[in-house]
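**Student:** Sequence first, predicted model second:
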Amino acid sequence: MLVKNEDRLIWYAISSVLPFVDKIIIFDTGSQDKTVEIVHSFQSKKIHLEVKAITNLKDIAHLRQEQLDKTESDWFWIVDGDEIYPYSLCREILNIIKIQGDGLEGIAVRRYDLLGDIYHYQDETVGTYELFGKKGHLVLRLINKKNLPGLHIKGIYPYEGYYDNKESEIIYHSSEKFYITQGRLFHSMYLRRSTLGSNLSDTFHRRKYKIETGHKMGNSQNFPEVFNIPRPDDIPDVTGRRSLQYELIAHLITPIKVIKRNLFKIIS
């Protein structure tokens, strides 16, 4: 994990994966909120936190490389401070590694991009990614370095990538070497991530807070269990519903956004 000013969500992100991993390596790049304090509050020997200073966007790839160098296992899992996993998805991931892991290079994880609260998500046609023959909201999150000799990281944030010893970026490798999950993580990049404010002008947030109507979660969606388990008193409650003001603004501006996106598709 690379984090900065994530104190509204970092407890949930760590708690959602902690039971399923051997070690969590966290680099904080200069948080001004309570992110570091919250990470220290975990009474777990699995968590290894270091505070790192960065001076430019190139440093981020260097920090990811340092984390990779510190990783002793074959498989490693990239988790952002705003990503919360249902336990069922974690079990799906571990089961695939156990059964098919020796023949895989990585695992791409589907996701819900949350809008306004944890009960609404963005339409999958917006900001669609294409990975390993699949389109949608998905991201490469687990990598098996045993099957990728010379694995290293290069590029400038947010476009840094993982490359093999032939300088081939692994997201362009054969789809047969990658598994895509059925379950989805809850991605909170469009929510308020710090108690200091929603639009912090720092390296990681990049002013991502967004207002849209989106889709309402149905009963079939698996909510991360960490939203319902007891939490320390100083951990913010993120289970509140969207405000009336948010709903009104969202219903006003979403049709305009849809028109603009459709025009862009026609032009492009």
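**Tutor:** Now that the structure is in, tell me what you want to look at. Numbering: from 1, shown residues only.
**Student:** What's the biggest helix in the protein, counting residues?
**Tutor:** Counting by DSSP state H, the longest helix found in the chain is helix 244-267.
**Student:** quick one: low-confidence ranges for the stretch 51-200 of the chain?
**Tutor:** Applying pLDDT under 70 to the stretch 51-200 of the chain flags the ranges 198-200.
**Student:** can you pull out the strands in it?
**Tutor:** Assigned strands in the stretch 51-200 of the chain, in chain order: 75-77, 83-84, 106-115, 117-121, 129-131, 134-136, 138-144, 152-154, 161-163, 178-187 (criterion: DSSP state E, counting those that start in this stretch).
**Student:** Can you tell me which of the ones you listed is packed in deepest?
**Tutor:** Per residue and on average, the most neighbours among the strands of the stretch 51-200 of the chain fall to strand 83-84, with a mean of 26 (mean count of other CB atoms under 10 Å). (C-beta placed from N, C-alpha, C; glycine too.)
**Student:** counting contacts, what elements does it pack onto?
**Tutor:** Where contact means 3 or more CB pairs under 8 Å, 6 or more residues apart in numbering; DSSP states H and E, strand 83-84 is packed against helix 10-17, strand 178-187.
**Student:** got JSON lines for the ones you listed, with distance to Ile84 too?
**Tutor:** Shown next, in JSON lines, are the helices and strands packed on strand 83-84 (distance: least, CB to CB, whole Å):
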{"stretch": "helix 10-17", "distance to Ile84": "5"}
{"stretch": "strand 178-187", "distance to Ile84": "4"}
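**Student:** Which of these sits closest to Glu160?
**Tutor:** strand 178-187 (18.4 Å; CB to CB).
**Student:** and the strands of the stretch 51-200 of the chain as JSON lines, adding distance to Val21?
**Tutor:** What follows is these, written out as JSON lines (distance: least, CB to CB, whole Å):
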{"stretch": "strand 75-77", "distance to Val21": "6"}
{"stretch": "strand 83-84", "distance to Val21": "13"}
{"stretch": "strand 106-115", "distance to Val21": "14"}
{"stretch": "strand 117-121", "distance to Val21": "23"}
{"stretch": "strand 129-131", "distance to Val21": "23"}
{"stretch": "strand 134-136", "distance to Val21": "25"}
{"stretch": "strand 138-144", "distance to Val21": "11"}
{"stretch": "strand 152-154", "distance to Val21": "20"}
{"stretch": "strand 161-163", "distance to Val21": "19"}
{"stretch": "strand 178-187", "distance to Val21": "14"}
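**Student:** what's the closest of these to Thr35?
**Tutor:** Between the strands of the stretch 51-200 of the chain, strand 83-84 lies closest to Thr35; by CB to CB that is 14.6 Å.
**Student:** And the contacts of the closest one?
**Tutor:** For strand 83-84, contacts defined as CB atoms under 8 Å, 6 or more residues apart in numbering pick out 9, 12-13, 16, 111, 185-188, 224, 226-227.
**Student:** same deal with stretch 67-75?
**Tutor:** Contacts for stretch 67-75 (CB under 8 Å, 6+ apart): 2, 22-23, 25, 27, 76, 97, 101, 142-146, 151-153.
**Student:** cutoff 6 Å now
**Tutor:** 25, 97, 144, 146 (CB atoms under 6 Å, 6 or more residues apart in numbering).
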